[in-house]
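[1] Test case, fold it:
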Amino acid sequence: SIDGQSEAVIGIMDQAKDEAALTVNVLQHAFGINVHLLTGDNIRTARAVARDIGIPSTNVIADALPADKVEYIKRLRKAGERVAMVGDGINDSPALAEADVGIAIGAGTQIAIETGGIVLVNSKLTDLLLAIDLARTIYLRIKMNFIWALGYNSLAIPLASGVLYPMTHTVIPPYLAAFAMALSSVSVLMSSLLLNWYKPPEFAKQYGRVLRKGELGIEKIDFVSPSTGETHSIFVQCESMMRNEPCSCPPETCNCFPCEEHGNVLPEKATNSFPGCSSAWGQPCKCDPCRCVGCVSCK
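    All right, here's what the predicted structure looks like:
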């Protein structure tokens, strides 16, 4: 200021990492996982970060204390959701313990690491995608082994018991039956050992300046999983949506997510609360000024 008059204003803001936007977009649009942001920061900061990395504004919970995070996770689980919580601080530990799966960042606090069921040792958010892809690959292998073992034994056991004897008057010798039994276990074991050839998912990020009017950023993400064969191309939102304005893309070429104007949206629960307001999870409204429909706390 000069002579008591403000002459300039400087704003400082932490820039979200590219891997955060990549991880959130792949989780939502490739894996079909609904992503929420629980933070102790104020609503303005929380919504700005969420908009930058692609989290829907209705999934942003700001000014949340550790107990509020636990309560929100309980509400999601009560609604039938299976919840995985990712955190790195002391304030995240109760929520990590409450979630179905607690995922701790390796560079976080010791208590968070001890509470989490999974630890991302390299402290990279993209390792979360690797962990989910690996888990899905293992589960797929388990189902394949189960189907193979069930079909194999359903066929071999009747043969070993002599089901064909009335027609052929021959039976399988005991040593062949024992060999067939061992072959069943060996085949399942060999199938499981194929997991040693697991290849992590691959990501290709395309940067550009079109969507942000000259500012460099991610515009497209290509996701390929060699193990499951999944391939996805994910496009980042246009500049209008980044400013919380309606999408300005032509309907026939719109690839923004989520985009209500052109029907590219994720299913979200209807709420009368203003996006991010603490009343969304049972706490008093903290909006200033209040913009929640039918708000009881501000009457």
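[2] ok, which stretches of the stretch 101-250 of the chain are helices?
    110-115, 126-160, 165-168, 174-193, 239-242 (DSSP state H, counting those that start in this stretch).
[3] any low-confidence regions in the stretch 151-299 of the chain?
    Scanning the stretch 151-299 of the chain for pLDDT under 70 picks out 208-217, 236-245, 248-260, 262-283, 291, 293-294, 296-299.
[4] 50 instead?
    Low-confidence segments of the stretch 151-299 of the chain (pLDDT under 50): 266-270.
[5] Do a quick rundown of the strands in it.
    Secondary structure of the stretch 151-299 of the chain, counting by DSSP state E, counting those that start in this stretch: strands at 202-208, 217-224, 231-235.
[6] looking at the helices of the stretch 101-250 of the chain, which is closest to residue 56?
    When the helices of the stretch 101-250 of the chain are compared by Cβ to Cβ, helix 239-242 sits nearest residue 56, at 11.2 Å. For every residue, glycine as well, the C-beta is placed using N, CA and C.
[7] Contacts for stretch 5-22 next, please.
    With contacts defined as Cβ atoms under 8 Å, 6 or more residues apart in numbering, stretch 5-22 is touched by 1, 45, 48-49, 52-54, 124-126, 203, 205, 217-218, 221, 236.
[8] quick one on the thing from earlier: which of the helices of the stretch 101-250 of the chain sits closest to residue 103?
    helix 126-160 (6.5 Å).
[9] Quick one: list the elements packing against that closest one.
    helix 18-29, strand 118-120, helix 174-193 (3 or more Cβ pairs under 8 Å, 6 or more residues apart in numbering; DSSP states H and E).
[10] Can you say which of those is packed in most?
    Mean neighbour count (mean count of other Cβ atoms under 10 Å) peaks for helix 18-29 among the helices and strands packed on helix 126-160, with a mean of 20.
[11] Extract the CA atoms of that helix and return them as PDB.
    C-alpha atoms of helix 18-29 as PDB (Å, rounded to 0.1, in the frame of the first residue of the first chain):
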ATOM      1  CA  ASP A  18      -0.100 -33.400 -12.500                       C
ATOM      2  CA  GLU A  19      -0.200 -36.900 -11.000                       C
ATOM      3  CA  ALA A  20      -3.100 -35.800  -8.800                       C
ATOM      4  CA  ALA A  21      -5.200 -34.800 -11.900                       C
ATOM      5  CA  LEU A  22      -4.100 -38.000 -13.700                       C
ATOM      6  CA  THR A  23      -5.000 -40.200 -10.700                       C
ATOM      7  CA  VAL A  24      -8.400 -38.700 -10.100                       C
ATOM      8  CA  ASN A  25      -9.400 -38.800 -13.700                       C
ATOM      9  CA  VAL A  26      -8.300 -42.400 -14.200                       C
ATOM     10  CA  LEU A  27     -10.100 -43.500 -11.000                       C
ATOM     11  CA  GLN A  28     -13.300 -41.800 -12.100                       C
ATOM     12  CA  HIS A  29     -13.500 -42.500 -15.800                       C
END
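[12] Nothing else from me, thank you.
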